[in-house]
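> Got a sequence here, can you build the structure:
(one chain, ligands or ions: 2)
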Amino acid sequence: MKAEQSKQSDWVLYSRLLGYVSVYAGAFLLSFFGFIVYSISNVLLADLTQFLLDSLGEASQIGIGFVARTAHWFWPPGDMDPVHYARMAVPAAAIVLALIRASGYFFGNYFMNIVARGVVHRLRTQVFDVLIRVPKPAIDAYTHGELVSKLTFNVEQVSGASSEALKTILRDGLTVLALISYMLYLNWKLTLVFFAIAPAIAVVVLVVGRHFRRYSKRIQESMGEVTQLSNESVAAFDEIRMFAAAAQQSERFHAASQFNRVQSLKLAFVQAVSTPVAQVLLSVALAVLFWFALDPDILAGFTAGSLVAFIAAATQLGKPIRTLTNVQSVVQRGLAAAEDLFQQIDTPLETDNGRVSIERAKGAISFQHVSFSYPGDNHRVLSDLSLEIPAGSMVAFVGRSGAGKTTLMQLLCRFYAPDNGQICLDEQPIENFRLSEYRHQLAIVAQQVVLFSDTVRANVIFGQHDSRDDEAVYAALEAAQAASFVSELPRGIDTRLGDGGGGLSGGQRQRLAIARAVLKNAPVLILDEATSALDTESEAAIQASLEAASAGRTTLVIAHRLSTVERADLIVVMDKGRIVAQGTHQSLIGEPGLYATLYQQGFSPS
Ligand SMILES: Nc1ncnc2c1ncn2[C@@H]1O[C@H](COP(=O)(O)OP(=O)(O)OP(=O)(O)O)[C@@H](O)[C@H]1O
Ligand SMILES: [Mg+2]
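Numbering: from 1, shown residues only. Ligands and ions are numbered 1, 2, ... in the order given. Below you'll find the model as predicted:
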């Protein structure tokens with residue numbers, strides 16, 4: 001089901017993501033600046049301890065820390081008693097520092113969110129815009145749930161990576177940098193002890209990262225399945241109840257959710273192990289540090305205040321390093337999701353090599369030796385099929401289910417290209433036309449009518465942005481025999497249809513789809529009749545709507561009703577991807593064969 005995901009190197013991914021971030025360079029810089037302020041204030045809070053302690057010590061040690069010096073510069077103590085001075089200066093400095101740190105935190109976090117939400121928005125809209133423009137085979141490879149899950153779940157994963165992770169990396173990364181610089185400044189030899197432990201932490205981070213990525217990928221895929229099953233089950237409300245399939249459906253859902261749970265737990269396990277391991281390594285480093293720090297020779301180089309400040313800084317390192325190892329899971333999840341989204345964004349759009357312009361076709365269609373198999377499937381769905389359809393005629397296609405009728409129309413719509421042979425419109429191969437102009441020549445009422453959860457009007461003028469003309473909408477509804485039931489809806493054409501046209505009967509939905517096709521006013525109309533049985537009243541209405549809709553155009557109807565078939569200028573009988581007979585109802589009914597059989601069965605699917 002899933003296309004083999006190309007393994008992109010992390011750097012390619014990082015730099016591509018960075019490209020998204022660069023759009024918000026201003027906000028990013030503000031956030032960066034905020035976090036610098038934040039991390040420096042953290043160091044200064046450690047330095048404040050030195051100020052406090054040294055004020056109690058000897059006169060020579062007073063005022064050697066950063067904060068102490070800054071305080072002295074702002075407010076010279078004169079001949080004030082050091083303790084008395086410190087009693088006022090230290091709390092004041094603490095409050096000022098806290099305020100500065102708070103604003104650094106605000107700028108850092110808020111502006112990073114501006115960046116992250118921007119990245120998510122861009123990614124999501126890009127994936128969406130690609131999704132609605134890719135060729136049909138690219139969509140066929142996924143279930144709807146998988147596609148929806150990409151737009152919702154995967155995009156949010158990237159948001160996690162670009163907001164939470166970037167914030168943590170900046171905030172805690174800078175804090176670690178600042179603390180280490182401060183420690184180097186106080187006593188560089190002692191600080192080197194700390195670095196001895198760094199490679200061990202790096203190994204933990206790397207090993208853990210690899211596992212994170214693997215599990216994250218599986219979680220994403222299982223989210224696709226969970227979404228798909230949820231969508232299906234909501235849509236199949238009636239079927240599930242009537243076929244007593246609740247148990248079966250819940251078993252599938254439980255299995256999908258269970259897989260998701262197990263993979264998430266594996267991820268959580270690695271995450272829960274990695275943090276304490278990093279923490280233990282860090283504590284070992286601290287223990288060694290204490291041992292050296294209390295060495296009499298080293299001790300001599302410190303004032304009491306600076307020793308405490310040094311230890312305070314070293315202890316403060318613990319938290320940011322812990323969060324930095326922890327944030328890996330978020331980063332890896334984001335990278336796994338980004339990889340998937342980029343792959344989606346890179347899907348080539350529908351190719352259009354057509355150069356021929358077309359205003360309005362006459363509507364003559366010919367199929368010449370057309371053969372076709374669906375991509376990735378060896379089964380021949382159409383074999384060497386040839387057919388001439390004069391402009392303005394009405395052709396009915398009949399044949400058993402699976403004969404290839406819908407497929408033939410899909411080729412005509414240029415959703416797929418034939419493997420062999422060609423299809424022409426007005427004697428020009430259809431792939432020579434500009435795609436959008438070509439599709440403008442066709443109006444289609446699909447086998448499964450799709451209505452949008454929007455007003456009746458919006459459904460009828462779908463795609464016709466310039467048509468705001470209610471007259472035209474009413475005329476189309478009239479032609480499609482839909483005007484009377486629409487006028488009985490609570491708010492007429494302004495009535496919002498439920499999900500997928502819920503609240504309407506099958507026949508009503510089909511007539512709305514016909515109205516939509518009528519409004520498009522294309523020279524070629526394709527109608528893939530629903531196979532569901534319709535009551536006679538609505539059959540008559542649909543018949544009348546079809547008559548009106550087909551007037552003056554070439555009409556291709558895949559017919560399941562005698563009333564439709566009888567009206568056709570030409571009837572094409574298809575079987576196993578071939579045309580086995582063609583002619584009028586009168587000529588075909590006289591000879592034994594598939595048509596006579598289908599006629600006896602009332603053209604309903606067999
Ligand atoms: N997307 C697809 N991928 C692979 N095979 C497909 C796909 N769609 C249809 N087929 C196969 O192609 C064959 C023809 O299907 P098609 O939908 O054209 O039949 P049909 O004549 O329209 O049938 P019906 O009257 O039931 O609508 C079938 O065997 C079907 O299994
Ligand atoms: Mg069909």
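> Please save the CA atoms from stretch 154-169 in PDB.
Extracted in PDB, the C-alpha atoms of stretch 154-169 (Å, rounded to 0.1, in the frame of the first residue of the first chain):
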ATOM      1  CA  ASN A 154       1.700  14.500  10.600                       C
ATOM      2  CA  VAL A 155       1.500  18.300  10.200                       C
ATOM      3  CA  GLU A 156       1.000  18.700  14.000                       C
ATOM      4  CA  GLN A 157       4.100  16.500  14.600                       C
ATOM      5  CA  VAL A 158       6.100  18.900  12.500                       C
ATOM      6  CA  SER A 159       4.600  21.700  14.500                       C
ATOM      7  CA  GLY A 160       5.800  20.000  17.700                       C
ATOM      8  CA  ALA A 161       9.300  19.700  16.300                       C
ATOM      9  CA  SER A 162       9.400  23.300  15.100                       C
ATOM     10  CA  SER A 163       7.900  24.900  18.100                       C
ATOM     11  CA  GLU A 164       8.600  22.800  21.200                       C
ATOM     12  CA  ALA A 165      11.800  21.400  20.000                       C
ATOM     13  CA  LEU A 166      13.200  24.600  18.600                       C
ATOM     14  CA  LYS A 167      12.300  26.400  21.700                       C
ATOM     15  CA  THR A 168      13.900  23.900  23.900                       C
ATOM     16  CA  ILE A 169      17.000  23.700  21.800                       C
END
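> Could I get the buried residue list for that stretch?
Along stretch 154-169, these residues count as buried under the neighbour rule (16 or more other C-beta atoms under 10 Å): 154-155, 157-169. Backbone N, C-alpha and C define where each C-beta goes, glycine included.
> Looking at these, spot the one nearest ligand 2.
Asn154 (32.9 Å; C-beta to the ion).
> show me the contacts for the closest one.
Contact partners of Asn154, counting by C-beta atoms under 8 Å, 6 or more residues apart in numbering, are 220, 223, 337, 340-341.
> Show the buried residues in those.
The neighbour-count criterion (16+ other C-beta under 10 Å) marks 220, 223, 337, 340-341 among the contacts of Asn154 as buried.
> And the furthest pair within those residues?
Greatest spatial distance among these (C-beta to C-beta): Met223 and Leu341, at 13.4 Å.
> Now, the contacts of Asn154 that are in helices?
Those of these mapping onto helices are 220, 223, 337, 340-341, per DSSP state H.
> and which of these is nearest ligand 1?
Of all the ones in helices among the contacts of Asn154, the one sitting nearest ligand 1 is Asp340; the distance, using C-beta to the nearest ligand atom, is 22.7 Å.
> Just to check, the closest one is in contact with Gln220?
Yes: using C-beta atoms under 8 Å, Asp340 makes contact with Gln220 at a distance of 6.4 Å.
> Skipping its backbone neighbours, what lies nearest Ile197 in space?
Ala285 (4.0 Å; C-beta to C-beta, 6 or more residues apart in numbering).
> Also Gly334?
Nearest one to Gly334, counting by C-beta to C-beta, 6+ apart, is Ala161 at 2.0 Å.
> so who does that neighbour touch?
Going by C-beta under 8 Å, 6+ apart, Ala161 touches 17, 330-331, 333-335, 337-338.
> Mind checking the pLDDT average for the helix or strand harbouring Ala517?
Under the criterion of DSSP states H and E, Ala517 resides in helix 506-520. Mean pLDDT, computed over helix 506-520, is 87.
> Can you name the next helix or strand after that helix?
Moving toward the C-terminus from helix 506-520, the first helix or strand encountered (DSSP H and E) is strand 524-528.
> Establish whether that next one and ligand 2 are in contact.
No: Strand 524-528 stays clear of ligand 2 (C-beta under 5 Å from the ion), getting no nearer than 5.8 Å.
> returning to that earlier point: can you tell me which helices and strands the helix holding Ala517 packs against?
strand 442-445, helix 456-460, helix 470-479, helix 483-487, strand 524-528, helix 536-550 (3 or more C-beta pairs under 8 Å, 6 or more residues apart in numbering; DSSP states H and E).
> Can you add mean pLDDT and distance to ligand 1 and give the ones you listed back as JSON lines?
JSON lines is the format used below for the helices and strands packed on helix 506-520 (pLDDT from 0 to 100; distance: least, C-beta to the nearest ligand atom, whole Å):
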{"stretch": "strand 442-445", "mean pLDDT": "92", "distance to ligand 1": "13"}
{"stretch": "helix 456-460", "mean pLDDT": "89", "distance to ligand 1": "23"}
{"stretch": "helix 470-479", "mean pLDDT": "88", "distance to ligand 1": "25"}
{"stretch": "helix 483-487", "mean pLDDT": "88", "distance to ligand 1": "26"}
{"stretch": "strand 524-528", "mean pLDDT": "92", "distance to ligand 1": "7"}
{"stretch": "helix 536-550", "mean pLDDT": "74", "distance to ligand 1": "17"}
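> Which residues of the stretch 351-500 of the chain lie near ligand 2?
406, 447.
> which parts of the stretch 351-500 of the chain sit against ligand 1?
374, 377, 381, 399, 401-407, 447 (C-beta under 6 Å from any ligand atom).
> What residues does Ala544 make contact with?
So Ala544 contacts Gln481 (C-beta under 8 Å, 6+ apart).
> now do Val23
By C-beta under 8 Å, 6+ apart, Val23 lies in contact with 118, 122.
> Now do it against ligand 2, distance only.
45 Å (C-beta to the ion, to the nearest Å).
> next one: Thr323
57 Å.
> how much distance is there from the helix or strand containing that residue to the middle of the chain?
Assigned by DSSP H and E, Thr323 falls within helix 318-345. How far helix 318-345 lies from its chain's middle: 17 Å, per C-alpha atoms, centre = their mean, to the nearest Å.
> What's the mean pLDDT across that helix?
Mean pLDDT, helix 318-345: 84.
> For the very next helix or strand once past that helix, which helices and strands make contact with it?
Once the chain leaves helix 318-345, the next helix or strand it forms, by DSSP H and E, is strand 365-373. Other elements packing on strand 365-373 under the criterion 3+ C-beta pairs under 8 Å, 6+ apart are strand 380-389, helix 405-412, strand 420-425.
> hmm, back to that, nearest to ligand 1 among the contacts of Ala161?
Relative to ligand 1, and with distances defined as C-beta to the nearest ligand atom, the nearest of the contacts of Ala161 is Ala337, at 27.4 Å.
> Enumerate every residue touching the closest one.
Counted by C-beta under 8 Å, 6+ apart, Ala337 has contacts 153-155, 157-158, 161, 216, 220.
> cutoff 10 Å now
Ala337 is in contact with 123, 150, 153-161, 216-217, 219-220, 223, counting by C-beta atoms under 10 Å, 6 or more residues apart in numbering.
> now for these, which pair is the farthest apart?
Spanning the widest gap among the contacts of Ala337 are Leu123 and Ile219, at 18.4 Å by C-beta to C-beta.
> And the contacts of Ala337, which is closest to ligand 1?
Distance to ligand 1 across the contacts of Ala337 (C-beta to the nearest ligand atom) is lowest for Lys150, with 20.0 Å.
> Let me know whether my guess that that closest one is in a helix holds.
Yes: using DSSP: H, G, I helix; E, B strand; the rest coil, the assignment for Lys150 is a helix.
> distance of it from Tyr142?
Lys150 sits at a distance of 8 Å from Tyr142 (criterion: C-beta to C-beta, to the nearest Å).
> rewinding a little: how about JSON lines for the helices and strands packed on strand 365-373, with mean neighbour count added?
Below are those laid out as JSON lines (neighbours: other C-beta atoms under 10 Å):
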{"stretch": "strand 380-389", "mean neighbour count": "18"}
{"stretch": "helix 405-412", "mean neighbour count": "21"}
{"stretch": "strand 420-425", "mean neighbour count": "18"}
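> thinking again about what came up before, which residues are common contacts for Lys150 and Tyr142?
Joint contacts of Lys150 and Tyr142 (C-beta under 10 Å, 6+ apart) are 131, 224, 344.
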